[in-house]
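[1] turn this into a structure:
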Amino acid sequence: MTQEEAFQDWFKEHWRYASSTNEARAREAWLAARDAFITSQLLDDLHIDPQRAVMGENFPAENFPRTGIFVRAKDQSGKHQSVDIALLNKASLLALLRSRGERNEWAENMVGLLLGHGAFHSLG
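    Have a look, this model is predicted:
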């Protein structure tokens, strides 16, 4: 099942509840759909780091960081792909980390360091 098919299945399931007469389920479905839409709009401009993409293809998994967290990001040609967040460029990774409206410089630095981007903020 592709990521698109999985999203369509998820949407159909939540839409069924949103169109029901059960107000609590309808509100829950509306909130879930709203969050998915907001997140997809905010994160529509994530970009793959071309150097990381080449490294990710040429190095064994144990030598290159992988998170298992996949997002939709644009490659150099502007085409969207589903990629591990370890392949995002530094600006896109920071945008992803802040996409829920919160800012935690310590956590942002930790993720940046763990994925080999370095710290996003000064450490001192």
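[2] use CA for all of it now, contacts and neighbours both
    Will do.
[3] now residue 117: closest residue in space, sequence neighbours ignored.
    residue 90 (6.3 Å; C-alpha to C-alpha, 6 or more residues apart in numbering).
[4] list the contacts for that neighbour?
    Neighbour list for residue 90: 49, 112, 117 [criterion: C-alpha atoms under 8 Å, 6 or more residues apart in numbering].
[5] do that again at 10 Å, thanks
    46-49, 96, 112, 115-120 (C-alpha atoms under 10 Å, 6 or more residues apart in numbering).
[6] again, but for residue 82
    Residue 82 touches 2-3, 48, 69-75, counting by C-alpha under 10 Å, 6+ apart.
[7] just the buried ones from the residues you listed?
    48, 71-75 (16 or more other C-alpha atoms under 10 Å).
[8] I'd like the residues you listed laid out as JSON lines, including distance to residue 82.
    Below are the buried ones among the contacts of residue 82 laid out as JSON lines (distance: C-alpha to C-alpha, whole Å):
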{"residue": "48", "distance to residue 82": "10"}
{"residue": "71", "distance to residue 82": "5"}
{"residue": "72", "distance to residue 82": "5"}
{"residue": "73", "distance to residue 82": "6"}
{"residue": "74", "distance to residue 82": "9"}
{"residue": "75", "distance to residue 82": "10"}
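[9] closest to residue 28 among those?
    Nearest to residue 28, judged by C-alpha to C-alpha, of the buried ones among the contacts of residue 82 is residue 71 at 23.8 Å.
[10] what's the host helix or strand of residue 112 packed up against?
    Using DSSP states H and E, residue 112 sits in helix 105-114. Here helix 105-114 touches helix 90-97, going by 3 or more C-alpha pairs under 10 Å, 6 or more residues apart in numbering; DSSP states H and E.
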